[in-house]
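# Here is my input, please return the structure:
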Amino acid sequence: MVKIKRSFYAEGSFCLFMAGVIMWQKNQNLRRHSRQGCI
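Numbers count the residues shown, from 1 in each chain. Okay, here's the model as predicted:
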């Protein structure tokens with residue numbers, strides 16, 4: 001059970017990390033588009 005919990009938390013944290021990276025990339029893209037729009 002301990003191993004399962006550890007792997008579950010590891011996968012969950014990894015998924016959250018990937019989701020955060022994707023959201024950060026989307027924000028960067030939005031900023032780029034907004035900058036181009038302002039120009």
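
# from here on, contacts and neighbour counts on C-alpha atoms
Fine.

# Residue ranges in the chain under the pLDDT threshold?
1-2, 4, 33-39 (pLDDT under 70).

# how near is the residue nearest to the spatial centre of the chain to F14?
Central residue of the chain (C-alpha atoms, centre = their mean): G20, 2.0 Å from the mean position. Here the distance between G20 and F14 works out to 10 Å (C-alpha to C-alpha, to the nearest Å).

# quick revisit: I'd like the distance between the residue nearest to the centre of the chain and K3.
25 Å.

# again with A10
A10 is 10 Å from K3, by C-alpha to C-alpha.

# Equivalent analysis for A19, please.
24 Å.

# These two: who's more crowded?
Between A19 and K3, counted using other C-alpha atoms under 10 Å, A19 has the larger neighbour count: 12 against 8.

# And whichever strand or helix holds that one, how far out from the chain middle?
Here A19, judged by DSSP states H and E, is contained in helix 2-38. Relative to the centre of its chain, helix 2-38 is centred 0 Å away, using C-alpha atoms, centre = their mean, to the nearest Å.

# now for it, which elements pack on it?
Contacts defined by 3 or more C-alpha pairs under 8 Å, 6 or more residues apart in numbering; DSSP states H and E place helix 2-38 against no helix or strand at all.

# List the buried residues for that helix?
For helix 2-38, the buried set under the neighbour-count rule, 16 or more other C-alpha atoms under 10 Å, is empty.
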